[in-house]
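Colleague: What would the 3D arrangement of this be:
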Amino acid sequence: MANEHVISTLLLLVVSLLALVLVLSKGLHDRPKLNAVLSEPGMVLLVGISVSLLVRLFASADYYPQEDNNTDDANDNEEEEEINVLRLLFSFPKEVFFLGFLPPILFNSGYELQRELFFRHIKAIVSFAVVGTLISGFSTGFILYGVGELGWFGDFDPALLELLTFGALIAATDTVSVLGVLKSKQVDPHLFNLVFGESALNDAVALVLFNSLSKVLVQDANDGLRWVHEMKVFVMEFTMIALGSPILGIIFTFFTALIFKMLDFRQHRSIELCLYILLMYIPYMLAEAFHLSGIVTVFFSGMSARRYIEPNISPDTGKNAEAIFKSVAYLAETCIFLVLGLSCFGYIDGFQWKFIAFAFVSSLVGRALSIYPICILYNYSLTENMTDPLLDLEDDRSVGSTISTGSRSSSRSSTRRTPERRKDREIPARFMHVLWFAGLRGAVAYACARNFPNVYGHENDIVTTTMVIVLINVLVMGGFTEYLLDFLNIRMGVDEEEYMRTWRKQRTLKGTFHRLEKEYIFNTVVRPSTEAASTTKSSYKSPDLTHDKMMEFIQIHNDAMEGADQEEGIIVVHRPSEEDETATPPSA
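Modeller: Predicted structure coming up:
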């Protein structure tokens, strides 16, 4: 009975605090000026910090987490029950983060992706998420290792593998604060989907990298590390998880779509809805049973569910499920930030301030190394050698008549420029700055820190370091997002719906891979009667959209592009050739 009382009291406190922050969120959104400097996650953090501070001031140290504490013993003492409640409140079980909170967050991230723009920028997004995350994680770890070798951490002496594992978890970004501002300000949809797509995939890759390095760290502490062997194991495990997890998510969604196709649940809306929302958790459990990454699997399940399962369910169920996915993900994010705030004064020791300062700077440097070089190389990959008639005319004037006609034709001026059909895929410098700034650390990084291997006794140090970095990112950097958009002159006030209507009229996802996916996968798992409706829904035909209106929204994106020649920034309105379109993976 004592344990039941402890759990019920704990749930009452958590639900009450959750209700409080939801009410405060409404007031925050009603005050745009305050919301411009204080994001909703920041407000939730402040509530948790305030409650944690009050308990810290008026309670004894017995209320805080202790390493050797066992809260499972039955205890009829009322004071001891109160202590157990607060200990659980300030040190939420780490299993709750991974089993309860992260799956709906990642599923909804995949479910909400804007399919067309995501696959239009798929090369850039995957480059940021995979290569960029690896660069960010390893560069952060090695920078900290170099600083530690100089003795600048004082008595704190973490091992190289600990620093690399920490670099992996701190590479996980949480752009919920930035995305909230970008969405409310209605920025260029291309920028929004670059930030959103990179963030969603980044979390999945960072979790795989963190889990793989954690296994190597535990192996090193238990049996000693054989570098060649362990690196081979690391590469094999990382590759297997990185490839196997998304494949499992797509296959699971494929068979689930077949079930919804063959067994018509549309006359049983409650059963249909219940079965559909279980997709937030079933893929995660399945992946964990196969020793894969449940987070990556559930993310790709969300992407695939929107494509293959939604056309097989009734429209009402689709709307209700989408609202549930958003609500559960929102509550999970809110709970993580609330628990993070509650933990601030729950750790009496473990604040290595020198390490925290260098870790914060290293995370910013690692993020920059993962964004700017990739953007530059990506933009260069879009260019082609093109002849400029204007340059040829200038050359003719400068050399006069000494150059023969044959000589001019063989030495025509050629420069590398981005073709008109690829202009909308360029990433201008101002977009690069937003992408770097948007790499705030948040819920996923803190959840990983709570699962950090304590093989050398540094778990609390890593948790407190991550906590401080998250607080600075969300409270300070997150509050400056709107000012950054104004400073960089990012175009705002774009109606995304009408923008996408215009965009869809000018471009379609083409290519051999997309054609095969449409013919052999989509047509197999989706009812023929719903295919036309799905196509009509995605095309967004608007008879009232005039030519002037269309050109107005095309110009919105052009204004965000940089370049000396204004004419080079015009979006191409013809349909691109098949070889220029990005191939669409099965989850499209």
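Colleague: A strand includes Gly493, no?
Modeller: No. Checked against DSSP: H, G, I helix; E, B strand; the rest coil, Gly493 lies outside a strand; its state is coil.
Colleague: what's the burial count for the closest residue to it other than its chain neighbours?
Modeller: The shortest distance from Gly493 to any non-neighbouring residue, by Cβ to Cβ, 6 or more residues apart in numbering, is to Gln186 (5.3 Å). All C-beta atoms are positioned from the backbone trio N, CA, C, and that covers glycine. Look at Gln186: counted by other Cβ atoms under 10 Å, it has 16 neighbours.
Colleague: next one: Gly457
Modeller: 8.
Colleague: do the same with the one 10 residues further on
Modeller: Using other Cβ under 10 Å, the number of residues around Met467 comes to 24.
Colleague: I figured it hits Gly341, correct?
Modeller: No. Taking Cβ atoms under 8 Å as the definition, Met467 is not a contact partner of Gly341, at 9.3 Å.
Colleague: Relative to Phe128, how far out is Phe196?
Modeller: Using Cβ to Cβ, to the nearest Å, we find Phe196 at a distance of 12 Å from Phe128.
Colleague: With neighbour numbers in mind, choose between the two.
Modeller: Phe128 (30 against 24).
Colleague: any idea what the nearest residue to that one once chain neighbours are set aside is structurally, helix, strand or coil?
Modeller: Using Cβ to Cβ, 6+ apart and skipping residues adjacent in sequence, the residue nearest Phe128 is Glu198, 4.3 Å away. Secondary structure assignment for Glu198 (three-state DSSP): helix.
Colleague: contacting residues for Glu198?
Modeller: 125, 128-129, 132, 173, 435 (Cβ atoms under 8 Å, 6 or more residues apart in numbering).
Colleague: Tell me which two in the residues you listed are the farthest apart.
Modeller: Ile125 and Thr173 (12.8 Å; Cβ to Cβ).
Colleague: Which of these two has more residues huddled nearby?
Modeller: Neighbours were counted for Ile125 and for Thr173 using other Cβ under 10 Å; Thr173 has more, 29 against 25.
Colleague: Setting aside sequence neighbours, what's the nearest residue to the more buried one?
Modeller: Gly439 (4.5 Å).
Colleague: would you say that neighbour is within a strand?
Modeller: No. Using three-state DSSP, the assignment for Gly439 is coil, not a strand.
Colleague: Do you know the pLDDT at it?
Modeller: According to the prediction, Gly439 has pLDDT 81.
Colleague: count of residues packed around Thr415?
Modeller: Neighbour number of Thr415 under other Cβ under 10 Å is 11.
Colleague: That one in helix, strand or coil?
Modeller: Thr415 is classified as strand under three-state DSSP.
Colleague: For the protein, which segments count as strands?
Modeller: Taking DSSP state E as the criterion, the chain carries its strands at 384-387, 414-417.
Colleague: Pick the most deeply packed of the ones you listed.
Modeller: strand 414-417 (a mean of 13; mean count of other Cβ atoms under 10 Å).
Colleague: who are the neighbours in contact with Phe238?
Modeller: Contacts of Phe238 (Cβ under 8 Å, 6+ apart): 208-209, 212.
Colleague: Turn the residues you listed into JSON lines, columns for pLDDT and distance to Glu420.
Modeller: JSON lines is the format used below for the contacts of Phe238 (pLDDT from 0 to 100; distance: Cβ to Cβ, whole Å):
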{"residue": "Val208", "pLDDT": "84", "distance to Glu420": "38"}
{"residue": "Leu209", "pLDDT": "88", "distance to Glu420": "38"}
{"residue": "Ser212", "pLDDT": "85", "distance to Glu420": "43"}
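Colleague: which one of the residues you listed is nearest Lys319?
Modeller: Val208 (33.1 Å).
Colleague: Walking through the stretch 101-250 of the chain, point out its helices one by one.
Modeller: Applying DSSP state H, counting those that start in this stretch to the stretch 101-250 of the chain gives helices spanning 102-111, 115-120, 122-126, 133-149, 160-170, 176-185, 189-223, 227-262.
Colleague: for the fifth one, the distance to its chain's centre please.
Modeller: It stands for helix 160-170. Relative to its parent chain, helix 160-170 has a centroid offset of 19 Å by Cα atoms, centre = their mean, to the nearest Å.
Colleague: what does the shortest one give?
Modeller: When C-alpha coordinates are averaged (Cα atoms, centre = their mean), helix 122-126 and its chain have centres 13 Å apart.
Colleague: likewise the second one?
Modeller: Relative to its parent chain, helix 115-120 has a centroid offset of 15 Å by Cα atoms, centre = their mean.
Colleague: Counting by contacts, list what it packs against.
Modeller: helix 189-223, helix 496-506 (3 or more Cβ pairs under 8 Å, 6 or more residues apart in numbering; DSSP states H and E).
Colleague: so which of those helices is the most packed in?
Modeller: helix 189-223 comes out most buried of those by mean count of other Cβ under 10 Å, with a mean of 23.
Colleague: Please tell me how far it is from the chain's geometric centre.
Modeller: On Cα atoms, centre = their mean, the centre of helix 189-223 falls 10 Å from that of its chain.
Colleague: Also stretch 219-232?
Modeller: 31 Å.
Colleague: for stretch 272-282, same thing?
Modeller: Counting by Cα atoms, centre = their mean, stretch 272-282 comes out at 22 Å from the chain centroid.
Colleague: just stretch 342-360 next, same as before
Modeller: Centre to centre, stretch against its chain (Cα atoms, centre = their mean), the figure for stretch 342-360 is 25 Å.
Colleague: quick one: contacts of that stretch?
Modeller: Counting by Cβ under 8 Å, 6+ apart, 48-49, 51-53, 55-56, 61, 64-65, 89-92, 140, 143-144, 147, 152-154, 156, 158, 166, 170, 460-461, 463-465, 467-469, 471-472 sit against stretch 342-360.
Colleague: Now the buried members of these.
Modeller: Neighbour-count burial (16 or more other Cβ atoms under 10 Å) applied to the contacts of stretch 342-360 gives 48-49, 51-52, 55-56, 64-65, 89-92, 140, 143-144, 147, 153, 158, 166, 170, 460-461, 463-465, 467-469, 471-472.
Colleague: separation between Arg31 and Val126?
Modeller: From Arg31 to Val126 the distance is 39 Å (Cβ to Cβ).
Colleague: Please say which of the two ends up with more neighbours.
Modeller: Val126 (16 against 10).
Colleague: quick one: pLDDT of the more buried one?
Modeller: 89.
Colleague: What of Val455?
Modeller: pLDDT, Val455: 89.
Colleague: Pretty sure it sits against Ala221.
Modeller: Yes. Counting by Cβ under 8 Å, Val455 touches Ala221, with 3.6 Å between them.
Colleague: If you tally nearby residues, what's the number for the nearest residue to Arg416 once chain neighbours are set aside?
Modeller: Distances taken as Cβ to Cβ, 6+ apart place Thr383 nearest to Arg416, at 4.2 Å, with adjacent residues excluded. When neighbours are defined as other Cβ under 10 Å, Thr383 has 14 of them.
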